[in-house]
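>>> compute the structure for the input listed below.
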Amino acid sequence: MYISDTHLKSFLADAGLVNAKDFDAADKEAKETGKPIGDILVSKSVIGEDELRRTYAYILGIPFVSLLGSTIKYDVLSLIPEPVARRNNIIAFSKKGDDLEVAMLDTDDLAAIDFIKKKTRLKIMPRLTDAASIKSALKQYQQELKDNLGDVIQRETEALRVGGGAGEGKEEDLRQMAEAVPAVRIVDTLLRHANAQGASDIHIEPLEGSLLIRYRIDGILHDAMQLPKNAAPAITARIKVLASMRLDEHRLPQDGRFSAEAAGEKISFRVSVLPTYFGEKIVMRLLRDSISGFTLESIGFHGVGLERMHDAMRKTTGMILTTGPTGAGKSTTLYTLLDIINTPDVNISTVEDPIEYQMPRINQTQVRPEIGFTFANGLRSLVRQDPDIIMVGEIRDKETAALAINAALTGHLVLSTLHTNSAAAAPARLLDMGIEPFLLVSTLRVVIGQRLVRRLTGDKEEHKLTRDEEEQLGKQMDAEAVLKALKDEKAVDKDASWKNVPFYSPKPSPQSPTGFAGRVGIYEVLPVTSTIKDLVMKNSTADSIESQARKEGMLTMAEDGIFKAAQGTTTIEEVLRVITE
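Numbers count the residues shown, from 1 in each chain. I've put the predicted structure just below:
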């Protein structure tokens, strides 16, 4: 929302909201720091954030709406999926014909408007609102689903009067049970509720006397509910039918997949069934198809690391690797890179296990090890398909590594993942696989190490570091390097010290009981420079490579995490939790 400083000053003065002295002081600070005047006025408590937003609305001629105390019809509210509404602070509140009115904190968020326009095929009419209205509307998502879930679960589980312990029986009986109304409604409601909660995984665990449902939200498992034990056979059978699994197999693990619509959003569910002592445990991974539109900045890259990523992506040959344990967000990083470089003038092919997101104009191939179609075999075939860019889901063995290196040498840009704990450990891991050092240094462009940390909500509590906390952080990072990065990116004042850099703690609320909502990456971006190449050729240790990279300006994951904690994106405790796991 661009408004000239002169226009803003004139209106605020005429309205008696800000005096000239306070505005001039904020104007001076804005010129020194590069921050918007409005943000400075709010940070100095000269004017409230919502009052400033109302002022912007008036100046720009955009209608302002308050949703406090209003009840939004659920069929209108749910046109925007709750995760999208929460992430972008946008609420659908009125629909008349093909016109959809949406309340926003930032009407310049064109990406969110375009996303909703494509999803709903309606004409979007943005309206400015305040933070209290957004919070009030977000509560309605939860209340509606909670009421719906409670009613459905109670009613339908009472309708189930099925014996048979762990659900063993004839396939015909199990199929009939799976297609009955109670099982269909219970599973459908569970899936919708898990999606609305922003869950990445659903765990359905049989216990001795009940069925435990758990959701993984922002990387942490939470108990969602307990169902009667007699609901287990029908729920298990229903999910097996959806995932095209054998209904009469109860002794062996099974894997499957299915897709569904939830709140207008297409979701793929990756299903794993494992026999346990009390029955079959089911884990479903939710893979949302809304990966398109991510940017490197939105997933957590910034500063020097961001510049290095863009440099590597501009190359037409070589290899970009992302590293980290399972659940570190490596696939999201790769898909984001693919989405950015997916232009009409390139041919992109992938070989994956599994295909987590389906992307337009990209040729994606699923490996099938059971029939001999491995990463190595798939990669061999891909290079004969005239690709410009190749993505290999994971480098697991020498054969795949050698083929990927060869593809990078012969005129392709190769993206892949590797299971190591840090970026600096990647070269050593590839050398251990048997890759020749001279081949590695000829192809490797950049290596990313990453983890995911939970993101604080806007409602958080500020605190300053104690001396003990400063000492603890000093052991985890190069304090001067992090402070310099904060100053370079104008996240703090140019004369700031750690004593006056604020950090934050989560503040639980009804909308977010943990005080966190969503996750963001913390990264280390290691460019393979001439000095790093020399170390690789000498078969140096990961510690030596990391030490040299830090001298050349690389922030480690811990340091990037502290950087984001100082910005108020996450907490110090959250950073320490993920880097010490």
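>>> residue closest to the middle of this protein?
What sits nearest the mean C-alpha location of the chain, by Cα atoms, centre = their mean, is residue 519, with 5.4 Å.
>>> show me where the stretch 101-250 of the chain has helices.
110-120, 131-159, 171-178, 181-196, 232-242 (DSSP state H, counting those that start in this stretch).
>>> end to end, how far does stretch 204-218 reach?
18 Å (Cα to Cα, to the nearest Å).
>>> lowest average confidence, helix or strand, in the protein?
helix 5-14 (a mean of 62; mean pLDDT, DSSP states H and E).
>>> tell me how many other residues surround residue 253.
11 (other Cβ atoms under 10 Å). The way it works is simple: take the backbone N, C-alpha and C, and place the C-beta from them, glycine included.
>>> residues in contact with it?
Contacts for residue 253 were tallied using Cβ atoms under 8 Å, 6 or more residues apart in numbering; they are 272-275.
>>> from those, which land in strands?
272-275 (DSSP state E).
>>> and those residues, which is closest to residue 350?
Residue 350 lies nearest to residue 272 out of the ones in strands among the contacts of residue 253, by Cβ to Cβ, at 22.3 Å.
>>> does that closest one really touch residue 257, like I thought?
No: using Cβ atoms under 8 Å, residue 272 is not in contact with residue 257; the gap is 10.1 Å.
>>> who's more crowded, those two?
residue 257 (18 against 15).
>>> skipping its backbone neighbours, what lies nearest the more buried one in space?
residue 270 (5.4 Å; Cβ to Cβ, 6 or more residues apart in numbering).
>>> which phi and psi does the one you found have?
phi -100, psi 120 (degrees, to the nearest 10).
>>> residues contacting it?
Residue 270 neighbours (Cβ under 8 Å, 6+ apart): 255, 257, 284-285, 287, 354, 356.
>>> switch to 10 Å and redo it
201, 243, 255-258, 283-287, 354-356 (Cβ atoms under 10 Å, 6 or more residues apart in numbering).
>>> just curious, which of these is nearest to residue 130?
residue 286 (31.5 Å).
>>> tally of neighbours for the closest one?
Around residue 286 there are 20 residues (other Cβ under 10 Å).
>>> looking at this, it is in a helix?
No: Residue 286 is assigned strand when assessed by DSSP: H, G, I helix; E, B strand; the rest coil, not a helix.
>>> who's residue 523 bridged to?
residue 450 (DSSP bridges).
>>> neighbours around it, how many?
30.
>>> in contact with it, which residues are there?
Residue 523 neighbours (Cβ under 10 Å, 6+ apart): 296, 299-302, 305-306, 309, 322, 324, 329, 333, 423, 448-451, 554-557, 560-561, 564.
>>> look at it and report its pLDDT.
Note for residue 523: predicted pLDDT of 96.
>>> from residue 361, how far off is it?
The spacing between residue 523 and residue 361, counted by Cβ to Cβ, to the nearest Å, is 27 Å.
>>> wait, doesn't residue 378 sit right on residue 387?
No: at 11.9 Å, residue 378 does not count as touching residue 387 under the criterion of Cβ atoms under 10 Å.
>>> what about the two, which has more around it?
The neighbour count for residue 378 versus residue 387, taken as other Cβ under 10 Å, is higher for residue 378 (23 against 20).
>>> got a list of what that one touches?
Contacts of residue 378 by Cβ under 10 Å, 6+ apart are 349-353, 365-368, 390, 392-393, 400, 403.
>>> apart from its neighbours in sequence, what residue is nearest it?
residue 351 (3.6 Å).
>>> and the one you found, how many residues sit next to it?
Around residue 351 there are 27 residues (other Cβ under 10 Å).
>>> related to what we said a few turns ago, tell me the confidence at the residue nearest to the centre of the chain?
pLDDT, residue 519: 90.
>>> related to what we said a few turns ago, and the contacts of residue 378 as JSON lines, adding distance to residue 410, secondary structure and pLDDT?
Shown next, in JSON lines, are these (distance: Cβ to Cβ, whole Å; DSSP: H, G, I helix; E, B strand; the rest coil; pLDDT from 0 to 100):
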{"residue": "349", "distance to residue 410": "14", "secondary structure": "strand", "pLDDT": "93"}
{"residue": "350", "distance to residue 410": "18", "secondary structure": "strand", "pLDDT": "93"}
{"residue": "351", "distance to residue 410": "17", "secondary structure": "strand", "pLDDT": "92"}
{"residue": "352", "distance to residue 410": "21", "secondary structure": "strand", "pLDDT": "88"}
{"residue": "353", "distance to residue 410": "24", "secondary structure": "coil", "pLDDT": "83"}
{"residue": "365", "distance to residue 410": "19", "secondary structure": "strand", "pLDDT": "91"}
{"residue": "366", "distance to residue 410": "24", "secondary structure": "strand", "pLDDT": "88"}
{"residue": "367", "distance to residue 410": "22", "secondary structure": "coil", "pLDDT": "87"}
{"residue": "368", "distance to residue 410": "26", "secondary structure": "strand", "pLDDT": "85"}
{"residue": "390", "distance to residue 410": "11", "secondary structure": "strand", "pLDDT": "94"}
{"residue": "392", "distance to residue 410": "15", "secondary structure": "strand", "pLDDT": "93"}
{"residue": "393", "distance to residue 410": "20", "secondary structure": "coil", "pLDDT": "90"}
{"residue": "400", "distance to residue 410": "16", "secondary structure": "helix", "pLDDT": "91"}
{"residue": "403", "distance to residue 410": "11", "secondary structure": "helix", "pLDDT": "92"}
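>>> from memory residue 113 sits against residue 126, does it?
Yes: look at residue 113 against residue 126 with Cβ under 10 Å: they come within range, at 6.4 Å.
>>> identify the contacts common to the two.
Joint contacts of residue 113 and residue 126 (Cβ under 10 Å, 6+ apart) are 90, 102, 104, 107.
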